[in-house]
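Participant: generate coordinates for the sequence data below:
(one chain, ligands or ions: 1)
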Amino acid sequence: MSRVSIRQIRKSFAGLTVLDCVDMEIAPGEFVVILGSSGCGKSTLLNVIAGLDDCDSGQILIDNVDVSGLEPSQRGLAMVFQSYALFPAMTVRRNLSFGMEIAGTPKTAIAEKVAWAARLLQIEALLDRKPSQLSGGQRQRVAIGRALVRSSSICLFDEPLSNLDAKLRAETRVELKLLHETLQSTMIYVTHDQIEAMTMADRVAVMHKGGVEQFAEPQTVYEKPASLFVAGFIGSPSMNFLRGHLEGTRRFKAHEVCLDASPYGFATEPTAAEAILGIRCEDVDVVEHGTPDSIPATLAFTELLGADALGWFDCLGQRFSVKLTVDAARAMQKDVGFRFNMSKASFFSAATERRL
Ligand SMILES: Nc1ncnc2c1ncn2[C@@H]1O[C@H](COP(=O)(O)OP(=O)(O)OP(=O)(O)O)[C@@H](O)[C@H]1O
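Facilitator: Modelled structure (predicted):
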């Protein structure tokens, strides 16, 4: 288990800033997921940590030792990439043992390590096969095994599941999480898949345009997004937004409708009057049209999702998604009313787009 400190990392490629002052403290044994859309700088950050890319300024510390000037092989990290990068001519056993042979590890120790990793990843029956005789998921497990036998206290993963089909992804996700609990090593995992982030991470770092927008536990990122970007990025469907004006901490006015903002805990007295209310689909109640204190809404269409359903409504000039039971969706009237659960709402400054 090792602590990883990422301090003020900046990196640009040909004048384009890719990492803009990234700071992160990763505790020993923590499973951190770096989440963000394509091109936001996730892989570059991982490569800088691994030493595969230089940064322009900043430091990477492992257990309080500055490793910024060290070669990748001197940093004591294991890395699993999206492409499995197995040696095609070698058996699985040899793929696992090769790194240790090069390092001069004694034969008995190598055999023990290979047996241990193969048992853990349930690839014992595959040890004498070549990579071409394996499925994608099996190859991925061998690639993970190759990282494991290095006994590194830090494992880096760059989208390791993205080549797998949906079922195998779900299974491997669970396996990786269990593996982390067994090994207790520090894991830094890059993905653009928010389900992976939400299910595996102790903490998620949401990246946007080369910076970390929020670094917090998955539930906090979901319930209390730090910015409009995070609110829109996390969760499917995306959070509903409504632009309006705050009057102190008590009233939010949008299109002549006045909502009680007092259940929301403002961090400080908001100075910006113009604000954006964010509310998730499960925090909107649909009531009968004309119910006192409800906001008129009109059903556009419903989607049945198997276990539950989504209703899409027009309300105050916006399209809103609302989580419904299948029965409620089937019986939904065209004209209804909305009540927002304001204690679960989020408010963002329209000017800074940060949480108020
Ligand atoms: N060697 C390079 N030379 C020039 N530009 C690069 C290089 N590597 C990455 N970039 C650019 O830096 C930005 C960030 O790339 P990076 O691979 O870190 O993104 P990412 O968030 O991992 O994306 P993805 O999910 O698509 O892999 C992109 O705009 C990319 O085009």
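Participant: how near is Q140 to the ligand?
Facilitator: To the ligand, Q140 is 17 Å away according to CB to the nearest ligand atom, to the nearest Å. Every residue, glycine included, has its C-beta placed from N, CA and C.
Participant: host element of that residue?
Facilitator: Under the criterion of DSSP states H and E, Q140 resides in helix 136-148.
Participant: which residues of the stretch 51-200 of the chain score low on pLDDT?
Facilitator: Counting by pLDDT under 70, the ranges of the stretch 51-200 of the chain that qualify are 83-84.
Participant: name the residue of it that lies nearest to the ligand.
Facilitator: H192 (5.0 Å; CB to the nearest ligand atom).
Participant: list the buried ones in stretch 74-90?
Facilitator: R75, G76, L77, A78, M79, V80, F81, Q82, Y84, L86 (16 or more other CB atoms under 10 Å).
Participant: now those in JSON lines, with secondary structure and distance to the ligand?
Facilitator: Converted to JSON lines, those look like this (DSSP: H, G, I helix; E, B strand; the rest coil; distance: CB to the nearest ligand atom, whole Å):
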{"residue": "R75", "secondary structure": "coil", "distance to the ligand": "19"}
{"residue": "G76", "secondary structure": "coil", "distance to the ligand": "23"}
{"residue": "L77", "secondary structure": "strand", "distance to the ligand": "17"}
{"residue": "A78", "secondary structure": "strand", "distance to the ligand": "19"}
{"residue": "M79", "secondary structure": "strand", "distance to the ligand": "14"}
{"residue": "V80", "secondary structure": "strand", "distance to the ligand": "15"}
{"residue": "F81", "secondary structure": "coil", "distance to the ligand": "11"}
{"residue": "Q82", "secondary structure": "coil", "distance to the ligand": "8"}
{"residue": "Y84", "secondary structure": "coil", "distance to the ligand": "16"}
{"residue": "L86", "secondary structure": "coil", "distance to the ligand": "21"}
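Participant: what does this protein put close to the ligand?
Facilitator: Selection of the chain residues close to the ligand by CB under 6 Å from any ligand atom yields F13, V18, G36, S38, G39, C40, G41, K42, S43, T44, H192.
Participant: ok so, going back, hang on, the residue of the stretch 51-200 of the chain closest to the ligand packs against I34?
Facilitator: No - judged on CB atoms under 8 Å, H192 makes no contact with I34 at a distance of 9.8 Å.
Participant: quick one: which of these two has more around it?
Facilitator: The residue with more neighbours, out of H192 and I34, is I34; 29 against 18, by other CB atoms under 10 Å.
Participant: host element of the more buried one?
Facilitator: Following DSSP H and E, the helix or strand that holds I34 is strand 31-35.
Participant: need the overlap of contacts for H192 and I34.
Facilitator: By CB atoms under 8 Å, 6 or more residues apart in numbering, H192 and I34 have these common neighbours: K42.
Participant: which parts of the stretch 101-250 of the chain are strands?
Facilitator: Along the stretch 101-250 of the chain, counting by DSSP state E, counting those that start in this stretch, strands occupy 154-158, 186-191, 203-208, 211-216, 240-247.
Participant: the fourth one packs against which elements?
Facilitator: In this case it means strand 211-216. Secondary-structure packing of strand 211-216 (3 or more CB pairs under 8 Å, 6 or more residues apart in numbering; DSSP states H and E): strand 16-26, strand 203-208, helix 228-233.
Participant: check the shortest one too.
Facilitator: Other helices and strands packing on strand 154-158, by 3+ CB pairs under 8 Å, 6+ apart, are helix 42-50, strand 77-80, strand 186-191.
Participant: who's in contact with the residue lying farthest from the centre of the chain?
Facilitator: Centroid-distance maximum for the chain: G290 at 40.7 Å, with CA atoms, centre = their mean. G290 makes contact with G337, according to CB under 8 Å, 6+ apart.
Participant: for the protein, longest helix please?
Facilitator: Under DSSP state H, the helix in the chain containing the largest number of residues is helix 166-183.
Participant: which strands or helices does that one pack on?
Facilitator: Helix 166-183 sits against helix 136-148, helix 194-200, with contacts defined as 3+ CB pairs under 8 Å, 6+ apart.
Participant: most packed of the ones you listed?
Facilitator: The highest mean neighbour count among the helices and strands packed on helix 166-183, using mean count of other CB atoms under 10 Å, belongs to helix 136-148: a mean of 22.
Participant: how about the helices in the stretch 251-356 of the chain?
Facilitator: 326-330 (DSSP state H, counting those that start in this stretch).
Participant: quick one, strands of the stretch 251-356 of the chain?
Facilitator: Counting by DSSP E, counting those that start in this stretch, the strands of the stretch 251-356 of the chain are 251-254, 257-260, 274-279, 284-288, 295-304, 309-315, 318-324, 335-340, 346-349.
Participant: can you give the distance of the fourth one from its chain's centre?
Facilitator: Strand 284-288 has its average C-alpha position 31 Å from the chain's average C-alpha position, going by CA atoms, centre = their mean, to the nearest Å.
Participant: what average pLDDT does that strand get?
Facilitator: Averaged across strand 284-288, the pLDDT comes to 95.
Participant: then the longest one?
Facilitator: Computed over strand 295-304, the mean pLDDT rounds to 96.
Participant: only the buried residues of it, if you could.
Facilitator: With burial defined by 16+ other CB under 10 Å, the residues of strand 295-304 counted as buried are I295, P296, A297, L299, T302.
Participant: packing partners for that strand?
Facilitator: Packing contacts for strand 295-304, counted by 3+ CB pairs under 8 Å, 6+ apart, involve strand 309-315, strand 318-324, helix 326-330, strand 335-340.
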